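A.B. asks: Next comes the sequence, and after it the predicted model I'd like to discuss.
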Amino acid sequence: MAIYSNARLHLLALALIATVAPVGANAESVKDMGMASPNDWPQYHRTGAAWRYSPLDQVNRDNVKNLKVQWIAQPGDITQGLQATPIEVDGVLYYIGPYNHVYALDGVTGKMIWQYQPKLAPVSNESFYAAASRGVTVGRGKVFIGSLDGRFIALDQKTGKELWSRQLIDLKTNYGALFSSPPQLAGDILFGGSTGGDQPVRGKIFAVNADTGEPAWTFDTIKNDPKSWPGNSGDVGGGSVWLPGSYDETTDTIYIGTSNAAPDFYGADREGDNKYTASLLAIEPKNGKLKWARQEIPHDVWDYDSAYEALLLPTGDQKTLVHLNKSGFVFVMNKDNGELLNTWKLVDNLNTIKNIDPKTGELIDRNEAKPDQKVLFCPWLLGARSWNHGAYSPQTGFWYTNTMEACNYVVSQKDNPDNLKAINSLSLGAAQLQTVAPPIGKAMGRLVARDPITGAAKWSVDYDIPALGAVLATGGGLVFNTDVTGVIHAYDAENGKELWHFNAGSGSRGGPISYSINGKQYVAVPTGLGSVALGFMASAFPEVKKLPGGAALVVFALP
């Protein structure tokens with residue numbers, strides 16, 4: 001863990017504010033937002049604060065050992081496993097399986113209420129990202145999905161009947177870019193972005209009217225500036241927005257992260273900072289205007305997306321936002337203007353930069369790819385953590401997240417245009433890409449508990465292979481995490497001691513949740529190992545080749 005000395009004044013100020021200063025109105029509202037709707041899991045991260053924390057405490061440190069399976073739902077198709085975070089509202093649980101198959105289930109019994117599967121355009125099967133979908137959004141009497149053939153679709157929440165469908169992307173002209181994540185709500189605006197950070201496309205964020213599907217605005221993530229994007233490099237510059245953003249209702253702000261610039265490892269044809277790739281954006285939901293942007297990885301030549309969750313914390317009048325990207329650095333900033341307050345290091349092996357200027361965010365002593373030369377980069381292209389999300393507990397003040405210690409060798413090379421003709425082509429800018437163990441220590445994963453402001457380590461649990469599922473924290477003092485072999489673990493949130501485990505048979509890529517119906521708390525865990533990440537992991541973690549697939553939503557409760 002590295003905290004730069006010239007950032008210590010920021011840390012001392014933040015620590016003083018968090019412990020002794022009166023909590024400002026804005027911070028109090030963020031805290032309230034993080035605790036809203038305690039019995040339900042109504043949003044992707046449960047609330048716009050992105051804590052992935054359930055206040056429910058019926059299941060706690062003392063009795064978690066008694067958790068039993070209540071019911072299991074299986075979509076019947078195990079392609080790419082279950083990658084979704086389920087949504088639960090008013091006793092009904094909604095989830096999505098492979099190929100956009102949506103289910104509404106009774107949250108107590110698992111009995112199916114309705115199901116829906118769109119008729120997808122055949123071209124979607126040609127995409128690099130075919131099959132997998134990361135969830136649904138529920139609100140305004142509707143269930144919304146982003147489809148694998150480039151549409152936003154609204155369903156009736158009670159019946160599953162399709163209400164409207166809006167085509168937003170032409171897969172044939174956009175290298176198979178599609179919606180792998182669910183669009184999110186900001187009032188009556190439904191917004192989201194597509195895959196395509198590794199394709200020669202121009203990234204965009206789309207917004208429509210949630211009730212009608214009529215287009216509201218489109219935000220171009222490639223800044224129209226020749227100093228940032230020389231020539232026509234921006235037209236093939238990537239920068240897509242492939243993970244869900246979040247909505248801060250206290251300030252009427254969308255926070256959403258963008259992906260890497262393309263080609264991933266060859267930057268000679270796009271000299272400049274390449275805004276707004278590898279950035280966190282704050283956007284006005286009504287009109288799509290940019291409030292502020294923090295580009296975390298200018299001129300990214302390491303495939304270091306900044307698409308991950310924006311964690312809002314109640315730290316007095318600092319209005320703090322914490323944001324991880326693939327680089328292994330966590331950025332702490334003022335959520336209202338993007339002012340940088342601190343950065344800290346999440347993993348041990350990091351060699352692409354020496355450090356970050358704590359005032360400007362400049363990357364110091366960059367280690368970049370050199371054409372036709374083999375260079376080692378740590379972390380690897382999957383990042384210090386993949387897209388599986390962390391969880392924050394207001395009880396402990398800790399942020400819990402999975403990490404990866406792994407690297408890759410890269411030989412940078414200009415893309416051959418003949419290799420970019422198929423819909424599923426990748427614009428990697430690499431002649432060779434090999435994932436390997438780090439030079440110090442072994443290739444491995446960890447579940448870590450950190451102070452999200454300072455980065456101070458609290459506890460960690462080692463895994464031989466990095467866990468690929470999201471983390472859940474609860475009011476019962478528990479942290480739930482599933483490893484790639486399929487074992488679901490419950491840890492003590494204070495010290496990391498394992499208190500319970502259950503073997504589900506296949507690993508997790510999705511997000512566990514907790515909800516309560518009629519006074520009874522449930523914990524729902526999507527299982528079934530899948531995703532393209534496994535293919536990239538195989539050379540550093542050959543054991544993943546032996547791990548079984550699957551697709552099952554397993555729901556637990558106390559007897």
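C.D. replies: Cool, got the structure.
A.B. asks: The stretch 401-550 of the chain: strands as residue ranges?
C.D. replies: 407-412, 430-436, 444-450, 457-463, 472-474, 478-482, 487-492, 498-503, 513-517, 520-527 (DSSP state E, counting those that start in this stretch).
A.B. asks: ditto for the stretch 101-250 of the chain
C.D. replies: With strands called from DSSP E, counting those that start in this stretch, the stretch 101-250 of the chain shows them at 101-106, 112-116, 137-139, 142-146, 151-156, 162-167, 184-186, 189-193, 204-209, 215-220, 246-248.
A.B. asks: okay if I get those strands as TSV plus distance to Arg509 and mean neighbour count?
C.D. replies: Every residue, glycine included, has its C-beta placed from N, CA and C. Formatted as TSV, the strands of the stretch 101-250 of the chain follow (distance: least, CB to CB, whole Å; neighbours: other CB atoms under 10 Å):
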stretch	distance to Arg509	mean neighbour count
strand 101-106	16	20
strand 112-116	21	15
strand 137-139	19	23
strand 142-146	17	26
strand 151-156	22	23
strand 162-167	27	15
strand 184-186	20	22
strand 189-193	19	27
strand 204-209	24	22
strand 215-220	28	16
strand 246-248	20	24
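A.B. asks: between those strands, which one is nearest to Leu93?
C.D. replies: When the strands of the stretch 101-250 of the chain are compared by CB to CB, strand 101-106 sits nearest Leu93, at 4.8 Å.
A.B. asks: Show me what that closest one is packed up against.
C.D. replies: Contacts defined by 3 or more CB pairs under 8 Å, 6 or more residues apart in numbering; DSSP states H and E place strand 101-106 against strand 92-97, strand 112-116, strand 142-146.
A.B. asks: if we can go back for a sec, any chance of a markdown table for the strands of the stretch 401-550 of the chain, columns distance to Gly328?
C.D. replies: Output for the strands of the stretch 401-550 of the chain, formatted as a markdown table (distance: least, CB to CB, whole Å):
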| stretch | distance to Gly328 |
| --- | --- |
| strand 407-412 | 11 |
| strand 430-436 | 15 |
| strand 444-450 | 12 |
| strand 457-463 | 14 |
| strand 472-474 | 22 |
| strand 478-482 | 20 |
| strand 487-492 | 23 |
| strand 498-503 | 26 |
| strand 513-517 | 28 |
| strand 520-527 | 27 |
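A.B. asks: want to try JSON lines for the ones you listed, with mean pLDDT and mean neighbour count as columns?
C.D. replies: JSON lines is the format used below for the strands of the stretch 401-550 of the chain (pLDDT from 0 to 100; neighbours: other CB atoms under 10 Å):
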{"stretch": "strand 407-412", "mean pLDDT": "97", "mean neighbour count": "23"}
{"stretch": "strand 430-436", "mean pLDDT": "95", "mean neighbour count": "17"}
{"stretch": "strand 444-450", "mean pLDDT": "98", "mean neighbour count": "22"}
{"stretch": "strand 457-463", "mean pLDDT": "98", "mean neighbour count": "16"}
{"stretch": "strand 472-474", "mean pLDDT": "98", "mean neighbour count": "28"}
{"stretch": "strand 478-482", "mean pLDDT": "99", "mean neighbour count": "28"}
{"stretch": "strand 487-492", "mean pLDDT": "98", "mean neighbour count": "21"}
{"stretch": "strand 498-503", "mean pLDDT": "98", "mean neighbour count": "15"}
{"stretch": "strand 513-517", "mean pLDDT": "98", "mean neighbour count": "25"}
{"stretch": "strand 520-527", "mean pLDDT": "98", "mean neighbour count": "24"}
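A.B. asks: Thank you kindly, that will do.
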